[in-house]
Every structure is written in C-alpha cells, then in structure tokens.
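>>> Quick one, what's the 3D model for this:
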Amino acid sequence: NTGNIALTLSAPAVTFGGTNPANFANGAGTTCTDGLVMQPGNTCTINVTFTPNGAGGATPAAILNVNDTAGPADQVKLAGTAVGHSGSVSPTSLTFAAQQTGTTSTSQPVTLQNTGIGPLAIGTINFGGTNPANFAQTNTCVTPLAAGASCTINVTFTPNAAGSRVATLNIPLPGAVTTPLTVPLSGTGQAPGASLTGIAAYGNQQLGTTSAAHTFTYTNTGIGSITVSNVTKTGANLADFTVATDTCFNGTTGVTLQPNATCSISATFTPSATGARAATLTVVDTTGGATNLTESLTGTGVQAVVAFSGSTALTTGTANRNVKNVLTTITNNGNEALIIGSIVIATNSGQTNPGVFSVANPGTLGTTACPTGGAGLAAGASCQVTVTYTPPAAGALNTINGTLTLTDTNAAAGTQTRAYTGN
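Down below sits the predicted model:
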C-alpha cells in the first residue's frame with residue numbers, strides 16, 4: 001500500500017484475464033487474500049503458476065488483476081512459453097552386415113535421450129516396415145524417463161530369408177512433440193553354403209579287389225557356422241563303396257564348421273560283380289541350413305574270363321611214334337584285358353616221360369600269337385598256341401597226361417589250366 005490510508009482487497013482479490021487466463025493460476029503461498037486490510041506501507045505477495053495447455057512452442061499470455069475497494073484494479077501482464085516433451089535417438093539409423101539366415105547378429109545400440117525439461121513417457125517399443133520379424137530388441141528404458149536421462153535399446157538382426165531385409169524401430173513417446181521416434185533398420189540375409197568336391201568316378205576295378213581311396217572335401221562356403229548331421233550312402237550298389245575315413249561325422253556326432261573350414265570323407269571301391277556299379281554319398285546339414293550335397297559314386301567291376309577251345313587229345317596210334325600237334329584257342333570272354341604272364345605245359349606229377357608235351361606261341365598251327373605282358377589280350381579277343389606231343393622213343397605207348405597252365409599277371413582271371421592226353 002503506497003497510499004496514506006488503509007486499503008481493503010476485494011473478493012476476489014486476485015483474478016486473471018486477457019487471452020489465455022486458464023494457463024495461469026494463483027499459487028500456494030499467496031498472501032494477498034480476499035478482504036485483506038493493508039495499512040499504508042504494508043505489502044502482500046501473489047504467487048502465480050503457469051500451466052500451458054497448448055502445443056510446444058506456444059506463447060500464452062494473460063493479465064493479473066489485483067482488486068481493491070479504492071478504485072480500478074491494478075494489472076500485471078503475464079506471458080510464458082510452452083515447452084513440449086521431447087526425445088532424440090542416436091544413431092538415427094542402423095545397418096547390419098550380411099548375416100547367415102536363421103542366425104542372430106551381435107546387437108547394435110540405439111540411445112534414447114530425454115531432451116525436454118520434464119519426465120518423458122515411453123510407450124511400447126516395436127518394429128514396423130517390410131520385415132519387422134527379422135529384428136528384435138531388448139532395452140534398459142523405464143517410463144517416465146527423467147529430464148536429461150537416457151536409456152539404451154539393443155537391436156539384433158535374424159534374417160529369415162536371403163536378400164535385403166528392412167524395417168523400422170518405433171519408439172512411442174505419448175504427449176511428446178514428435179512421436180513416435182523412428183530408426184530405419186537394414187541388413188542382408190545370406191543363405192548358408194557348402195561345397196563337396198572330389199573324384200567320384202573310380203573307373204575299372206578288378207572284381208573282388210579294392211581301389212585306392214578317393215577323398216571328398218566338404219567346405220563351408222557361407223558366412224556362418226554349419227554342423228554336419230550325417231553322412232550317408234544310398235543306391236543299388238552301396239555295399240561296393242566303403243567309407244574308409246570320415247572327419248565330418250563320426251557315426252553319432254557331426255563336426256561344426258566355421259566359414260571356410262573343411263572336413264573330409266574318403267571312400268574305396270570293391271566291386272562285387274562285373275559291370276557298372278553306382279551309389280550316392282550324401283553330406284547332410286540340418287543345423288546351419290545348407291543344402292544337402294551329394295556325390296554320385298561310379299565304378300565298373302571288371303574281370304578277364306579265359307575260355308579254351310580245340311582238341312585236347314594227342315593220339316599218335318599204337319603202331320607208330322609220330323609227333324602230334326593240336327591247335328588250342330584262348331579267348332577272353334571277360335570285360336577286362338587278360339594280361340598273360342606265361343603259357344606252359346608239363347607232364348602230370350607221378351608220370352614218367354616228363355618232356356613229351358610242349359607248347360609254342362603261336363606255333364605251326366596258330367595264326368595269332370597270345371600277347372604276354374603289355375596291354376594283354378583285349379576283352380572279346382582270341383589267340384592261339386600249338387600244343388605238341390612227342391611220344392617216348394622206346395617203351396610201351398601208354399597214355400600220358402599233361403596240364404597246360406596260363407597265368408594272368410593282373411590277377412583278374414588268376415591261373416587257368418587245361419588237361420591234355422597223349423598216347
């Protein structure tokens with residue numbers, strides 16, 4: 001009261017007018033109350049509060065009226081600026097490196113900062129866009145987030161298909177100036193890959209003998225780990241192919257291969273019959289998702305089959321001691337060359353006159369000599385030898401038995417014999 005007489009405040013003592021009076025109020029602690037009598041020189045206090053109800057950036061204004069019984073109201077102009085709730089994110093986008101389908105990347109952080117001057121409400125963080133199921137998050141955010149505080153959202157990428165995958169991280173901020181905050185996400189899914197290499201064709205193999213082992217190498221060509229779950233053999237002649245060593249699968253447990261790592265399988269071929277033989281070797285990967293890989297194992301069982309033809313009786317007659325010759329034809333009825341080591345004939349054990357039989361290649365009766373060593377007698381081919389019986393010079397002309405022996409040095413046909421008689 002700056003006057004020289006007592007001043008009485010009206011009821012109400014304090015009112016608000018002007019453009020936005022609802023944004024201002026008489027706050028706690030006000031001492032200028034209705035009906036207050038103020039002596040000259042006395043003072044009282046009005047505590048004004050500001051509660052903006054407009055959007056952020058608005059500038060509400062009003063007039064404070066102090067009413068007394070002495071005359072017109074005293075007025076004070078009021079103004080304020082509304083500041084909305086706000087937040088920011090860093091970084092503003094995330095890009096993930098290529099990731100093997102079905103596997104999860106390491107997480108990348110997004111920091112949410114409360115950039116306002118009051119608590120920031122946070123809604124349910126979610127994903128939108130084209131491939132939201134390919135991304136996941138965990139976070140340390142609590143709601144409301146205090147002014148100036150921050151929290152972290154950790155995002156991971158698990159592609160469910162190969163190729164480009166995109167989505168948006170959505171952070172709802174109820175009541176904030178901008179909501180939701182969005183963070184574009186991108187990554188590339190890459191399918192798991194593997195290769196199986198080796199020589200699957202074993203070629204010709206003698207019946208009942210075992211080939212050298214062929215090695216097949218299984219390589220992880222992808223960007224993530226894969227685990228072999230089985231190695232199998234299938235096919236009509238699977239018993240002819242034997243896995244000799246296997247570092248990919250030990251019968252119960254498969255190896256896990258990191259990118260570019262390898263394991264190997266070696267297999268041999270032992271034909272149980274002549275002709276084409278086949279089986280399929282398969283490496284199965286069910287953990288990493290790589291395509292099952294196969295090798296078509298092939299080989300041919302071969303054997304030289306010896307057939308003799310021609311007379312085996314060398315008869316000179318009891319009245320003379322003439323030399324007798326017969327032509328013997330040797331035919332390879334197998335499907336492999338007959339490698340002839342030797343062709344010999346001898347009198348059977350226990351009989352006298354051991355030198356009465358002899359053999360010449362091709363001899364006087366033959367036209368095609370039998371090859372010894374080298375490429376041998378081809379499958380389906382024939383050759384001739386001449387077997388000679390020379391009777392003893394004296395004594396009775398009794399029947400004498402001899403045996404022709406052919407040896408096959410490649411062991412496909414083995415040793416073949418044929419009996420002859422002379423008298």
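>>> And the contacts of stretch 150-158?
Contacts with stretch 150-158, where a contact means Cβ atoms under 8 Å, 6 or more residues apart in numbering, come from 94, 96, 99, 102-114, 125, 134-142, 145, 165, 169, 171, 183, 185, 187. Where you see a C-beta, it was placed from the backbone N, CA and C, and this is true even at glycine.
>>> Pull out the buried residues from these.
Applying a neighbour-count criterion of 16 or more other Cβ atoms under 10 Å, the buried members of these are 94, 96, 99, 102-103, 105, 107-108, 110, 112-114, 125, 134-135, 137, 139, 145, 165, 169, 171, 183, 185, 187.
>>> Look up the closest residue to residue 255, ignoring the ones flanking it.
Setting aside the residues directly before and after it, residue 255 is nearest to residue 263 in space (Cβ to Cβ, 6 or more residues apart in numbering), at 5.1 Å.
>>> What is the neighbour count of that neighbour?
For residue 263, the number of neighbouring residues by other Cβ atoms under 10 Å comes to 20.
>>> Starting from the strand or helix carrying it, tell me which strands it pairs with and how they run.
Mapping residue 263 onto the secondary structure by DSSP states H and E places it in strand 262-269. In its sheet, strand 262-269 lies beside strand 214-220 (antiparallel), strand 241-246 (antiparallel), with partners assigned from DSSP bridges.
>>> Give the buried residues for the longest one.
So the one you mean is strand 214-220. Applying a neighbour-count criterion of 16+ other Cβ under 10 Å, one finds 214, 216, 218-220 buried in strand 214-220.
>>> And stretch 338-347, by the same measure?
For stretch 338-347, using 16+ other Cβ under 10 Å, the buried residues are 338-340, 343, 345, 347.
>>> next one: stretch 6-18
7, 9-10, 13-14, 16, 18.
>>> contact partners of that stretch?
For stretch 6-18, with Cβ under 8 Å, 6+ apart as the criterion, the contacting residues are 1, 24-26, 30, 32-40, 44, 46, 61-70, 73, 77-78.
>>> Filter those down to the buried ones and express that as a ChimeraX selection.
With 16+ other Cβ under 10 Å as the burial test, the buried ones among these are selected in ChimeraX as follows:
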select :1,24,26,32,36,38,46,62,63,64,65,66,67,68,78
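>>> Just the ones of the contacts of stretch 6-18 in strands?
Mapping the contacts of stretch 6-18 onto strands (DSSP state E) picks out 24-26, 37-38, 61-68, 73, 77-78.
>>> just checking, which of the contacts of stretch 150-158 belong to helices?
Taking DSSP state H as the definition of helices, those contribute nothing to them.
>>> mind listing which of those are in strands?
Using DSSP E, 94, 99, 108-114, 135-139, 165, 169, 171, 183, 185, 187 are the members of these that sit in strands.
>>> How about residue 151, nearest residue that isn't a chain neighbour?
On the basis of Cβ to Cβ, 6+ apart, the spatially nearest residue to residue 151 that is not a chain neighbour turns out to be residue 141, at 3.7 Å.
>>> can you tell me which residues contact that neighbour?
112, 122, 125, 151-153.
>>> How are the strands of the stretch 251-400 of the chain distributed by residue range?
Using DSSP state E, counting those that start in this stretch, the strands found in the stretch 251-400 of the chain span residues 256-257, 262-269, 275-285, 293-302, 306-309, 313-314, 324-332, 340-347, 357-360, 382-389, 400-408.
>>> picking up where we left off before, from the buried residues of stretch 338-347, pick the one nearest residue 226.
Out of these, the one with the shortest distance to residue 226 is residue 339. That distance is 47.3 Å, counting by Cβ to Cβ.
>>> these two touch, right, the closest one and residue 409?
Yes. Because the distance of 4.8 Å satisfies Cβ atoms under 8 Å, residue 339 is recorded as touching residue 409.
>>> Overlap of the contact sets of those two?
Taking Cβ under 8 Å, 6+ apart as the criterion, residue 339 and residue 409 both touch residue 373.
>>> Tell me the predicted confidence for residue 317.
With respect to pLDDT, residue 317 scores 65.
>>> What of residue 61?
Looking at residue 61 specifically, the model assigns a pLDDT of 85.
>>> Not counting its neighbours along the chain, what's nearest it?
Setting aside the residues directly before and after it, residue 61 is nearest to residue 79 in space (Cβ to Cβ, 6+ apart), at 4.6 Å.
>>> and what of residue 342?
The shortest distance from residue 342 to any residue that is not its chain neighbour, by Cβ to Cβ, 6+ apart, is 5.2 Å, and that residue is residue 407.
>>> separation between the one you found and residue 362?
Distance from residue 407 to residue 362, counting by Cβ to Cβ, to the nearest Å: 18 Å.
>>> possible to save the strands paired with strand 262-269 as CSV with distance to residue 397 and mean pLDDT?
Formatted as CSV, the entries for the strands paired with strand 262-269 read as follows, by distance: least, Cβ to Cβ, whole Å; pLDDT from 0 to 100:
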stretch, distance to residue 397, mean pLDDT
strand 214-220, 61, 97
strand 241-246, 58, 97
